[in-house]
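J.: Sharing a sequence plus its predicted fold:
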Amino acid sequence: LQIYHLCGWNGKCRYPLHFFLQNKDSNCLLAFIRGLNYHAKSKILLLRASKTSSEVADQSKRTKPFTPSKFAALMAGEVSSPSSGFDSIRWDDEDDNASIVRRRGGGGDDVVHTAVLPDDEAPPNSSSILPSLHNRRALYYHPSLLTKDESSSLQKAAEASGLFEEFDSRCAVVIEDGMYQDQDKDVVSTGNAPSSSTIASLLRPILDTTIVPWAREICNTSSLTVADALIRSYDPAEERQDLATHYDNTAYATVVVALNDPTEYEGGLFVQTGANVNTRKSVPFSSPGDAVLHRFDVQHGVNVRSGKKKRFSLVIWFGEDEDSVVTKTVPWVRREAEECASVHAAFLYAVNSQSGLYGVDTNVQLAKEYYVWASDRGHGLSAYCLSNLLFKEACSNDISKEKQNTLQKQSLMYLKLSAERGLAHAQHELGVTYKQGYSGVQSDFEIARYWLMLAEKQGHGASSQILNDPSRWEVSHL
Ligand SMILES: O=C(O)CCC(=O)C(=O)O
Ligand SMILES: [Fe+2]
């Protein structure tokens, strides 16, 4: 089956499959294909399903080159969040957490709030066996980093620019890999502010005088360099607009600025501190111009529920220095993985090693080692990706039957581990495995229902569908 093109919400192209094929990102691809089942609620349409590979290649040539794991970031997959919503991050002394700090900078009025994120993914008893090694992850919040005028001018310029239509209806890319898209101007070179393009000429002084200095100060890294800048739009009129939980895997740090009044829509940015969607916490913004900064190790997403107006956000992705922007590499991921700094760095390094991304040589053995290391320390997504990798290896015809069985068993073990950690996709797949009796397990409807119900509780549409369709529970269906 050659799948040619996939369309998401309201027929608008979201993550066309050839982006994944072009980039040979097999891990994302596998998760994506598995994800097809999960989009029942979001009206995924399979437009054409029988193109030849050469037609696929030709089609992709006509499309603007795109790095899927960059603008779509590294998705943990789509799970529609529970309708009940979730708690908010609490800033400063509102929070019981003793490590919350308040820092004054600039003229004394510049308050930066910090919220240290909890460590929800460490398995309950892990501390006695292994250190969990989720490093100190934090969110930094600057009320009114941009003025209301600056925010609204940027929003208007983005809407007028036509960039939303050009690339993706929800994403206007202003700077890519350190270059203003319409100017061919280097962000890092000084002088010659772009003049002909409204959006670039508005953004550049704001970056230079406000956003970049703030980000450099918070990260304590004077070399921090803008890699990408984009304006995203989320339209609650289209039911609900989400950006699935993900890591910004090409950015050392990210700044998000609310461009329009956050009280005009419901929901927005959230962080997810564990594998289960019940570890989501929304990030409260009060006014246009408010900004949040996080590093690459913070998993997050966006969920905009019904509201009167669209949500517009300015997203800036930073490299740690100019060199990383120019060479499109992410050396901090490797460094922190090798330093055993966190499970998040180890996970991202494993992904890059598995698929040879961002200047990292493809090394599947190394990828496995880092996935194992992170999953041993409680990282559900690592266990899930490792399970996928082992499953793929088990399907190879070049290995003995015995080896195939061993790999299949290992794959199942890591699938169970990630399901236990709370990852909805893993719970769903484990449920299906028990229902159908795949991967050498005995079919068991009771165990199948147990896992499918846990996934359903997290908003997993495909689990829900299976559970609610009696015909799929007849023995003849197996
Ligand atoms: O729109 C936002 O608030 C955040 C978007 C985001 O996470 C991203 O573009 O990577
Ligand atoms: Fe992001």
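T.: Okay, I see it. Ligands and ions are numbered 1, 2, ... in the order given.

J.: And for the nearest residue to Ser375 once chain neighbours are set aside, the neighbour number?
T.: Using CB to CB, 6 or more residues apart in numbering and skipping residues adjacent in sequence, the residue nearest Ser375 is Ala383, 3.7 Å away. Just so you know, the C-beta spots here come from the backbone N, C-alpha and C atoms, and that holds for glycine as well. Ala383 has 27 neighbours, counted by other CB atoms under 10 Å.

J.: my guess is Ala383 contacts Arg377, does it?
T.: No. Taking contacts as CB atoms under 8 Å, Ala383 lies outside contact range of Arg377: 10.3 Å.

J.: wait, isn't Lys409 in contact with Gly440?
T.: Yes. Applying CB under 8 Å, one finds Lys409 in contact with Gly440, separated by 6.7 Å.

J.: quick one: which of these two has more around it?
T.: Of the pair Lys409 and Gly440, Lys409 is the one with more neighbours under other CB under 10 Å, namely 14 against 10.

J.: And what about that one, helix, strand or coil?
T.: Of the three states, Lys409 takes helix according to DSSP: H, G, I helix; E, B strand; the rest coil.

J.: From Ala157, how far off is it?
T.: Noted for Lys409: a distance of 56 Å to Ala157, by CB to CB, to the nearest Å.

J.: Equivalent analysis for Glu264, please.
T.: Distance of Glu264 to Ala157, computed by CB to CB: 19 Å.

J.: If you count surrounding residues, which of these two has more?
T.: The residue with more neighbours, out of Glu264 and Ala157, is Ala157; 20 against 13, by other CB under 10 Å.

J.: Please tell me I have it right and that one contacts Val174.
T.: No. In terms of CB under 8 Å, Ala157 does not count as a neighbour of Val174; the distance is 9.3 Å.

J.: Common neighbours of those two, please.
T.: Overlap of the contact sets of Ala157 and Val174 (by CB atoms under 8 Å, 6 or more residues apart in numbering) consists of Ile199.

J.: and Leu314, how many neighbours?
T.: The local packing of Leu314 (other CB under 10 Å) involves 27 other residues.

J.: Oops, could you answer that again for Arg377 instead?
T.: For Arg377, the neighbour count with other CB under 10 Å is 22.

J.: Could you do Asn276 as well?
T.: Other residues lying near Asn276 total 20 when counted by other CB under 10 Å.

J.: any idea of the pLDDT on it?
T.: Confidence at Asn276, expressed as pLDDT, is 91.

J.: so who does it touch?
T.: Counting by CB under 8 Å, 6+ apart, the residues that Asn276 touches are Asp120, Arg421, Gly422, Leu423, Ala424, Gln458.

J.: Counting neighbours, what do you get for the fifth one?
T.: Ala424 has 29 neighbours, counted by other CB under 10 Å.

J.: backbone phi and psi for it, please?
T.: The phi and psi values for Ala424, taken as degrees, to the nearest 10, are phi -60, psi -40.

J.: shouldn't it be in contact with Gly274?
T.: No. Taking contacts as CB under 8 Å, Ala424 lies outside contact range of Gly274: 11.6 Å.

J.: and Gly267, helix, strand or coil?
T.: Following three-state DSSP, we place Gly267 in the strand state.

J.: partners of it in the sheet?
T.: Here Gly267 sits in beta bridges with Val304, as judged by DSSP bridges.

J.: Point out where the stretch 101-250 of the chain drops to low pLDDT.
T.: Under the criterion pLDDT under 70, the flagged ranges of the stretch 101-250 of the chain are 101-111, 120-135, 166-169, 182-197, 239-240.

J.: Can you show me the helices along it?
T.: 126-129, 148-161, 163-166, 198-206, 212-219 (DSSP state H, counting those that start in this stretch).

J.: Going by contacts, tell me the helices and strands next to the last one.
T.: Packing partners of helix 212-219 (3 or more CB pairs under 8 Å, 6 or more residues apart in numbering; DSSP states H and E): strand 253-258, strand 291-295, strand 311-319.

J.: quick one: the spatially closest residue to Thr210 that is not a sequence neighbour from ligand 1, how far?
T.: Nearest non-adjacent residue to Thr210, counting by CB to CB, 6+ apart: Leu145, 6.2 Å away. Distance of Leu145 to ligand 1, given as CB to the nearest ligand atom, to the nearest Å: 14 Å.

J.: on that earlier part again, export the helices and strands packed on helix 212-219 to TSV and append columns for mean pLDDT and distance to ligand 1.
T.: Formatted as TSV, the helices and strands packed on helix 212-219 follow (pLDDT from 0 to 100; distance: least, CB to the nearest ligand atom, whole Å):
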stretch	mean pLDDT	distance to ligand 1
strand 253-258	98	4
strand 291-295	96	8
strand 311-319	97	4
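
J.: got TSV for the ones you listed, with distance to Val112 too?
T.: Compiled in TSV, those are given as follows (distance: least, CB to CB, whole Å):
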stretch	distance to Val112
strand 253-258	12
strand 291-295	9
strand 311-319	16
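
J.: Which residues are in contact with Ala138?
T.: Thr114, Ala115, Val116, Leu117, His294, Arg295.

J.: what are the ranges of the strands in the stretch 101-250 of the chain?
T.: All strands of the stretch 101-250 of the chain, identified by DSSP state E, counting those that start in this stretch, fall at 102-105, 110-116, 138-142, 171-176, 179-180, 185-186, 225-234, 241-247.

J.: ok, back up a step: pull out the buried residues from the contacts of Ala138.
T.: In the contacts of Ala138, burial by neighbour count holds for Thr114, Ala115, Val116, Leu117, His294, Arg295, counting by 16 or more other CB atoms under 10 Å.

J.: Now the two most distant members of those residues.
T.: Across the buried ones among the contacts of Ala138, no pair lies farther apart than Ala115 and Arg295, at 13.3 Å, counting by CB to CB.

J.: Which one of the helices of the stretch 101-250 of the chain lies nearest to ligand 2?
T.: The closest of the helices of the stretch 101-250 of the chain to ligand 2 is helix 212-219. By CB to the ion, the value is 14.8 Å.

J.: I'd like to know which of the helices of the stretch 101-250 of the chain lies nearest to ligand 1.
T.: With CB to the nearest ligand atom as the criterion, ligand 1 lies closest to helix 148-161 of the helices of the stretch 101-250 of the chain, at 12.6 Å.

J.: I'd like to know which elements the closest one is packed against.
T.: Counting by 3+ CB pairs under 8 Å, 6+ apart, helix 148-161 packs on strand 171-176, helix 198-206, strand 225-234, strand 311-319.

J.: which one of those is the most hemmed in?
T.: strand 311-319 (a mean of 26; mean count of other CB atoms under 10 Å).
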